[in-house]
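Enquirer: Quick one, structure for this:
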Amino acid sequence: MKICVIFGGAASDNIKSFYVKDGTMYDFKNNKPHIFQCAYSPEFTTQIWNYCFLDEGGCFLNLAEWEDELPDFDFDIIIYANERWGLDEDHWDNYSVERLKNKYTKAKVVGYIKEPTVPPTRFKNWIRFLNECDTVMAPSSGHLKRLPIYEKIQGELNDEINYCTPCPDNLDVIFNKFYSNTKNNAIFIYTPTAMERRGNTVEFAKYISKKYNIPIVEKPFNLSSEVKQHMTWKDFVELWSPCMWHFNLDPSIEQPGIQTALVANVGSINIGGMNESHHLLYPETATCDEGKLEDIFVHYLNNSEERFKAIQRAWSNLNIHYGEKVAIKQVLQALGEK
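Expert: Next up, the predicted model:
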């Protein structure tokens, strides 16, 4: 099952196209081992890009690099996220499903709803794009699929949306690289790039830190700047994964919560937030009510058995709702295969 992941006119256009051979990513341009921000190494990556590793011969194509001619490959499945200027009329032909089907005649094209919202000026062409695909998948393992925005999208589509895991990661590799039975009694403050998703995370974490004398770990800032440093995925996970406590009071109910899936994968405890993964993995702390969060935090702090139960439950639910084994099954089901 050779899988190609394609981005068309997306925010991730800075990620170069790569192919996978013998378990290693290679840059299409120079045929050298490839690594990018969301990858641990040329042999291991995360999120949607891990679909390329589910079988030998996968690849990722950034269509902005292939406007003249598409590479020669034999794909079974194309997972295609076309969400920005690839939907505009003046770019339509180069980013169309028809172009892909003409080149890769045996492949089934799966329209991937990477984000459930597009600008109103692009919505009509977005629906047109999704309806031209063989089937449609959207990342949701819980409540996201029941949100009004997905009901609106479904009402415009010819076929039912197939929901899939937001994290098709190799959970065992992440576990082996970053899990530890010994955690530092420290709080990591997780702050998403979007300011509106930070909620009261920083203030609440510092309040708990001061009151209970627990050290804080944060992503470092650039020198002489209020902008936080750019870090590789590997360096970032190595920064926070030794911490027992991961504070993330993201109030958004429209986010899958990929970061918190990682928290469960490495054996830490997430405190706060309303993302989908928060409810699935850490239901006791899936809230932004600071009074409730402080009570459950103190309960965990003073009871090692309860901490272990929370970590164990998160790991168990992670393997039910996330990971590449779940992803493979869902892709085959979306295409009507066993």
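Enquirer: what's around the closest residue to Leu171 other than its chain neighbours, how many residues?
Expert: Take Leu171 and drop its neighbours on the chain: the residue closest to it by Cβ to Cβ, 6 or more residues apart in numbering is Gly323, 4.3 Å away. C-beta coordinates here come from the backbone N, C-alpha and C atoms, glycine included. Gly323: 21 surrounding residues under other Cβ atoms under 10 Å.
Enquirer: Next, Gly323: phi, psi?
Expert: For Gly323, the backbone dihedrals (degrees, to the nearest 10) come out as phi 110, psi 160.
Enquirer: is it true that it touches Pro166?
Expert: No. Applying Cβ atoms under 8 Å as the test, Gly323 and Pro166 come out as separate, 11.0 Å apart.
Enquirer: okay, now the domains of the chain?
Expert: Split into domains by automatic domain parsing, the chain comes to 3-168+323-334, 172-321.
Enquirer: now these as a markdown table including mean pLDDT?
Expert: Below are the domains of the chain laid out as a markdown table (pLDDT from 0 to 100):
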| stretch | mean pLDDT |
| --- | --- |
| domain 3-168+323-334 | 92 |
| domain 172-321 | 93 |
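Enquirer: name the element Val298 belongs to?
Expert: Using DSSP states H and E, Val298 maps to helix 290-301.
Enquirer: State which helix of this structure is the longest.
Expert: helix 304-321 (DSSP state H).
Enquirer: Could you look up the next helix or strand downstream of it?
Expert: helix 324-334.
Enquirer: Please spell out which residues along that next one are buried.
Expert: For helix 324-334, a neighbour-count test (16 or more other Cβ atoms under 10 Å) marks Glu324, Val326, Ala327, Ile328, Gln330, Val331, Ala334 as buried.
Enquirer: export these to JSON lines and tack on distance to Ile187?
Expert: Converted to JSON lines, the buried residues of helix 324-334 look like this (distance: Cβ to Cβ, whole Å):
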{"residue": "Glu324", "distance to Ile187": "31"}
{"residue": "Val326", "distance to Ile187": "30"}
{"residue": "Ala327", "distance to Ile187": "32"}
{"residue": "Ile328", "distance to Ile187": "36"}
{"residue": "Gln330", "distance to Ile187": "35"}
{"residue": "Val331", "distance to Ile187": "38"}
{"residue": "Ala334", "distance to Ile187": "40"}
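Enquirer: What is the nearest of those to Glu284?
Expert: Ranked by distance to Glu284 (Cβ to Cβ), the buried residues of helix 324-334 are led by Val326 at 23.5 Å.
Enquirer: wait, what's in contact with the residue nearest to the closest one when sequence neighbours are not counted?
Expert: Spatial nearest neighbour of Val326, chain neighbours left out: Thr165 (4.9 Å); criterion: Cβ to Cβ, 6+ apart. Contacts for Thr165 (Cβ atoms under 8 Å, 6 or more residues apart in numbering) come out as Pro139, Ser141, His321, Tyr322, Gly323, Val326, Ala327, Gln330.
Enquirer: what's the spacing between the last one and Phe75?
Expert: So that's Gln330. 18 Å (Cβ to Cβ, to the nearest Å).
Enquirer: quick one, helices of this protein?
Expert: Going by DSSP H, the chain shows helices at 97-103, 120-132, 148-156, 171-178, 201-212, 233-240, 258-266, 276-281, 290-301, 304-321, 324-334.
Enquirer: Many thanks, have a good one.
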